[in-house]
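Undergrad: what follows is a predicted structure for the sequence shown.
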Amino acid sequence: MLTNHHLEILVMAAGTSSRLGEPKQLLELNEHTLLWHAAVLALEFTPNVTVVLGHKHEQCSDSINNLPVKTVVNTRYEEGLGSSIACGVSTLEECDCVLIMLCDQPLIPRIHYKKLIETSKEFPDLIIASHYDKRSGVPAVFPKHYFPALRELKGDKGAKSLLETNIYQYIPLSNNESKDVDTQEDWERIRSDFS
C-alpha cells in the first residue's frame, strides 16, 4: 500500500467533436463550459490537474484561464483520443498514478471519482476503471508502471487496449451517468438531466 498517494488528473479536451458539429468543450451549462466544469471537478480531488487541449485550444484555454490548472496542447489531436492520452501522460513527472477523465461526461457523480481514487489506494498496482454499457473505460486510474504503455497509445481507441490485456478493478456506473456528448441529441439529454 502506498503511504504517499500522489495523484495527477488528466482532463481530455482535445477532440474535434465532428459528430456534434461544434466544440463540445465549449458547450455551456449554468454559464460555464463543459471543460470548466470538468476542471473544477478534478481540482476537488487534487491540485495536480493537466488539461489536454487540441481543437480550438485557444478558446478552450480562455474558458479555464481563471483556474489553477496546467494545459498542454496535443498538436496531433486529429489522430484521436489515444494520441491525447499519450501527450498528456508524457508531461507527468513525479506521481504514483493518473486519473484520466473526459470533459464531456458531466453527469458522473463526484462519489464515483472518489471511489475510483480510494480503490486505487487500496489496489495501487491495478488499473481502476469505470464500468458501464457492458464495457470498462474512463474515467480510470492508471498506476505509474502503465505510463510507458500510455505514452505509446495511438488512434481513437484511447486506453481500451490496456483494459483488454491487463487485470483491473472496476467501479460500476449507470449508463445514464456515463453519457457523453457526441450528438446534439446527447447534448439535449444531458442538459435536461444536469443539475
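TA: Noted; the coordinates are in hand.
Undergrad: isn't Val98 up against Val11?
TA: No. Applying C-beta atoms under 8 Å, one finds Val98 not in contact with Val11, separated by 11.0 Å. The way it works is simple: take the backbone N, C-alpha and C, and place the C-beta from them, glycine included.
Undergrad: return the residues in contact with His5.
TA: 96-97, 120-121, 124 (C-beta atoms under 8 Å, 6 or more residues apart in numbering).
Undergrad: kindly recompute the last result at 10 Å.
TA: By C-beta atoms under 10 Å, 6 or more residues apart in numbering, the contact set of His5 is 46, 95-97, 117-118, 120-121, 124.
Undergrad: for Leu163, same thing?
TA: So Leu163 contacts 127, 129, 131, 135-138, 140, 142, 170 (C-beta under 10 Å, 6+ apart).
Undergrad: pLDDT below threshold where in this protein?
TA: Applying pLDDT under 70 to the chain picks out residues 1-4, 195.
Undergrad: helices of that one, start to end?
TA: Assigned by DSSP state H, the helices in the chain fall at 34-43, 57-63, 81-89, 110-122, 147-151, 160-165, 184-193.
Undergrad: packing partners for the strand ranked longest in the chain?
TA: Taking DSSP state E as the criterion, the chain has its longest strand at strand 135-143. Secondary-structure packing of strand 135-143 (3 or more C-beta pairs under 10 Å, 6 or more residues apart in numbering; DSSP states H and E): strand 7-13, helix 81-89, strand 97-102, helix 110-122, strand 127-132, helix 160-165, strand 168-172.
Undergrad: and of the ones you listed, who's closest to Leu26?
TA: strand 7-13 (9.5 Å; C-beta to C-beta).
Undergrad: partner strands of that closest one, with direction?
TA: strand 49-53 (parallel), strand 97-102 (parallel) (DSSP bridges).
Undergrad: adjacent strands (with direction) for the longest strand of the chain?
TA: According to DSSP bridges, strand 135-143 forms sheet pairs with strand 97-102 (antiparallel), strand 127-132 (antiparallel).
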